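Trainee: Can you look at this prediction? I've put the sequence above it.
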Amino acid sequence: MKTAPLPKNKSIALGIEPISKLLIKQAVPASIGILVMSLNILIDTIFVGNWIGSIAIAAINVVLPVSFFIAALGMAIGIGGSSIISRALGADNHEKAKTTFGNMLSLTILITTVMVGLGLVFINDLVPAFGGKGDIFEPAKIYYRIVLYGIPMLALCMMGNNVIRAEGAPTHAMVAMLIPSVGNLLLDYILINRLDMGMEGAAWATTISYGLCLAYVAWFFLSGKSELLCSWRHFIFKWIILSEIGALGFVTLARQATTSLLYLILNNVLFELGGESSVSVFGIIGRMMMFALFPVLGITQGFLPIAGYNYGAENWSRVREVIFTSIKYACGLGVVIFLGLFFFTREIADVFTDDLQVIEDTAFALKLVFIAVPIIAIQLIGSAYYQAIGKAIPALLLTLLRTGFILLPLVLILPRFYGELGVWLSFPIADVLSTVITAYYLWMAMRKLKPSNQE
């Protein structure tokens, strides 16, 4: 049964404002949030590299797959549940939206707490497995243990951030991303530079910043800003809701798990090929991948609630329009990103470290890794579309296409013939192949959108 819309229903704008204006309104705060978060990771890496050493960069890079995976549980629940919430709000079904959010909270707390416990128990096995060998082991273990304490808070923040965006409140979602980023940088300066706490300082700065973010997200939902103020009954698990959250959230979880697996394999392959310095090179490239793509990722984030809301409202013309507009804007930004990276690779590498070998290797690898950036927006928007409309299986397959089905096999095969060069060549090959395949399936899906009474 449908319920009447709540007063001050912010989400209704997703169905009536012009697509270009709405996409900018959604994407700009998301892009700023991703930018600041990425800058946080970049500057954190610069601080660690200059104040502790290049081995510390490699140590943090080793820990990232584990923390990413557990945090991804919250993101998976957030994106999967937000797809349901966006479509429910589009259909004016606020009770379903509230029940979904309550179940998301209960599920996130339960799963991440268990995962952190397991992560701490198997710490001595996980750190070496993810490339924390030789001189990297001890600093990686120190960082891993402390950051893991804050991962449940990060998972709740990631989950809550997606729900805030699904409600049509992108500015609050942006602020939720700014707080931990700014907080982490300030704490980095205090704990690493001023108090000389080394790896422990870097880890505590990260963990405390997660707590600050969670405090803001909790304030948003408890202060009346949200349409989804829940009662206790909404926290009781409902299988039909959990199954849909799980099916859609598994897409995000699989993507993050595949990314973690990629880091694991790359760290070990690069360690065998070039030792600690090669792992450090990938650590820098990994940070640049997070940072440089912020506007493209912001458009993808802005695309999701618009597509989901209008699909729920059966307004197919707006669904088609947001797909075309998102791809056009994101590809244009991809060209700008590529040109900026191509001409300033050495300057970028020089910011992170004074190790000349690492600088030379990073400058060369950056050009290869990012050469296909102008077209990857098609792959991102295509896989996001299926997730937004609740089609879990095609969303899963297209999401795993680049990293899981193409890039991982290439990383295992090409280095046998081309050494470290084979690792870097794997990235553009995977980008091109996955984009072509995704473009075909997205085009076929759009042809199936029939005219509706609203067009």
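Mentor: All right, it came through fine.
Trainee: sec struct for residue 407, please.
Mentor: Here residue 407 is helix, with the state taken from DSSP: H, G, I helix; E, B strand; the rest coil.
Trainee: That one and residue 262 touch, don't they?
Mentor: Yes: in terms of C-beta atoms under 8 Å, residue 407 counts as a neighbour of residue 262; the distance is 6.6 Å. C-beta here means a position set from N, CA and C on the backbone, and glycine is covered the same way.
Trainee: more neighbours, these two?
Mentor: A direct count of neighbours by other C-beta atoms under 10 Å for residue 407 and residue 262 places residue 407 higher, at 23 against 18.
Trainee: Skipping its backbone neighbours, what lies nearest the more buried one in space?
Mentor: Excluding the flanking residues, the one nearest residue 407 by C-beta to C-beta, 6 or more residues apart in numbering is residue 430, at 3.8 Å.
Trainee: what's near enough to touch that neighbour?
Mentor: Residue 430 makes contacts with 402-403, 406-407, 410, as judged by C-beta atoms under 8 Å, 6 or more residues apart in numbering.
Trainee: name the element it belongs to?
Mentor: helix 420-447 (DSSP states H and E).
Trainee: Next, the buried residues of that helix.
Mentor: 420, 422-428, 430-435, 437-439, 441-442, 445 (16 or more other C-beta atoms under 10 Å).
Trainee: Could you do stretch 192-212 as well?
Mentor: Under the neighbour-count criterion of 16+ other C-beta under 10 Å, stretch 192-212 has 192, 197-210, 212 buried.
Trainee: average pLDDT across that stretch?
Mentor: On average, the pLDDT along stretch 192-212 is 88.
Trainee: Show residues contacting it.
Mentor: Here stretch 192-212 has contacts from 44, 47-48, 51-52, 56, 59-60, 139, 142-143, 145-147, 149-151, 153-154, 157, 179-181, 183-184, 187-188, 190-191, using C-beta under 8 Å, 6+ apart.
Trainee: and if we set it to 7 Å?
Mentor: Defining contact as C-beta atoms under 7 Å, 6 or more residues apart in numbering, one finds that stretch 192-212 is touched by 47-48, 51-52, 56, 59, 139, 142-143, 146-147, 149-150, 153-154, 157, 179-180, 183-184, 187-188, 191.
Trainee: next one: that stretch to chain centre, how far?
Mentor: Centre-to-centre, stretch 192-212 and its host chain are 22 Å apart (C-alpha atoms, centre = their mean, to the nearest Å).
Trainee: Using PDB, write down the CA coordinates of it.
Mentor: The C-alpha trace of stretch 192-212 is given here as PDB (Å, rounded to 0.1, in the frame of the first residue of the first chain):
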ATOM      1  CA  ILE A 192      52.800  12.400  13.100                       C
ATOM      2  CA  ASN A 193      54.600  15.700  12.800                       C
ATOM      3  CA  ARG A 194      54.200  17.300  16.200                       C
ATOM      4  CA  LEU A 195      54.000  14.300  18.500                       C
ATOM      5  CA  ASP A 196      56.200  12.000  16.400                       C
ATOM      6  CA  MET A 197      53.900   9.000  16.800                       C
ATOM      7  CA  GLY A 198      54.900   7.400  13.400                       C
ATOM      8  CA  MET A 199      52.600   4.700  12.000                       C
ATOM      9  CA  GLU A 200      50.500   4.700  15.200                       C
ATOM     10  CA  GLY A 201      49.800   8.400  14.700                       C
ATOM     11  CA  ALA A 202      48.800   7.900  11.100                       C
ATOM     12  CA  ALA A 203      46.500   5.000  12.100                       C
ATOM     13  CA  TRP A 204      44.800   6.900  15.000                       C
ATOM     14  CA  ALA A 205      44.300  10.000  12.900                       C
ATOM     15  CA  THR A 206      42.400   7.800  10.400                       C
ATOM     16  CA  THR A 207      40.300   6.000  13.100                       C
ATOM     17  CA  ILE A 208      39.300   9.200  15.000                       C
ATOM     18  CA  SER A 209      38.300  10.800  11.700                       C
ATOM     19  CA  TYR A 210      35.900   8.000  11.100                       C
ATOM     20  CA  GLY A 211      34.300   8.700  14.500                       C
ATOM     21  CA  LEU A 212      33.800  12.400  13.600                       C
END
